[in-house]
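>>> Provide a 3D model corresponding to the input given below.
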Amino acid sequence: MRRLTGRWRIVEMDLWDRDAIDLVEPGFIELAADGTGQFGFIAVRGWMDCRTIERDGRTAVEFSWDGDDEGDQVSGRGWAALAQDATLEGHLFIHRGDDSGFRAEPLRPRRSAGGAMSEYQHYEFLTVDRPLDERQQAEVRSLSTRARITATSFVNEFHWAASGTIRTG
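Numbering: from 1, shown residues only. From the prediction side, this is the model:
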């Protein structure tokens, strides 16, 4: 599983568009060298138990998983294989529910000219039951002077360069 390990960005799925995939956080699948992994898309989060295989002559992994979908316990199975174009393609099955093919691209850390790594963090919270009124938005705004706050969301980004420069958005 060595070539499959790492974090991959889910860029397309058969059943859902990119906005849906990235509803809670950017869609991802992450495979670890120890045979475990995790994924997240829409409001589904899963933790995987993986087995390395060969599928149609390609390095692949089959997995079972359990997790949650908006707080409800869910489980399933799936597979992922390295494609010719160095992307990851596979299929995810939700037990007694939907199933969808997916394609993911490798996430590679960005490096500065000096070789040191920079960091990016994105935090986004959405309201579920109802929009926040003006008083509630002011209360949330007191927690951060940098966040973009609306009646339905709180978004904060941090960009930290290897040089020590911090930029927030």
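>>> The residue sitting furthest away from the middle of the chain: what secondary structure?
Most distant from the centre of the chain: residue 135, at 32.4 Å, with distances by CA atoms, centre = their mean. Per DSSP: H, G, I helix; E, B strand; the rest coil, the local secondary structure of residue 135 is helix.
>>> can you map out the helices along this protein?
18-21, 134-141 (DSSP state H).
>>> Among these, which comes closest to residue 97?
Among the helices of the chain, the nearest to residue 97 by CB to CB is helix 18-21 (15.1 Å). Every C-beta, even on glycine, is put in place using the N, C-alpha and C of the backbone.
>>> Using PDB, list the CA coordinates for the closest one.
The C-alpha coordinates for helix 18-21 follow below in PDB (Å, rounded to 0.1, in the frame of the first residue of the first chain):
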ATOM      1  CA  ARG A  18     -18.300  19.100  -5.700                       C
ATOM      2  CA  ASP A  19     -20.400  21.500  -3.600                       C
ATOM      3  CA  ALA A  20     -22.100  18.500  -1.900                       C
ATOM      4  CA  ILE A  21     -18.800  16.600  -1.500                       C
END
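>>> So which bits of it are buried?
residue 21 (16 or more other CB atoms under 10 Å).
>>> and it, average pLDDT?
Regarding helix 18-21, the rounded mean pLDDT is 93.
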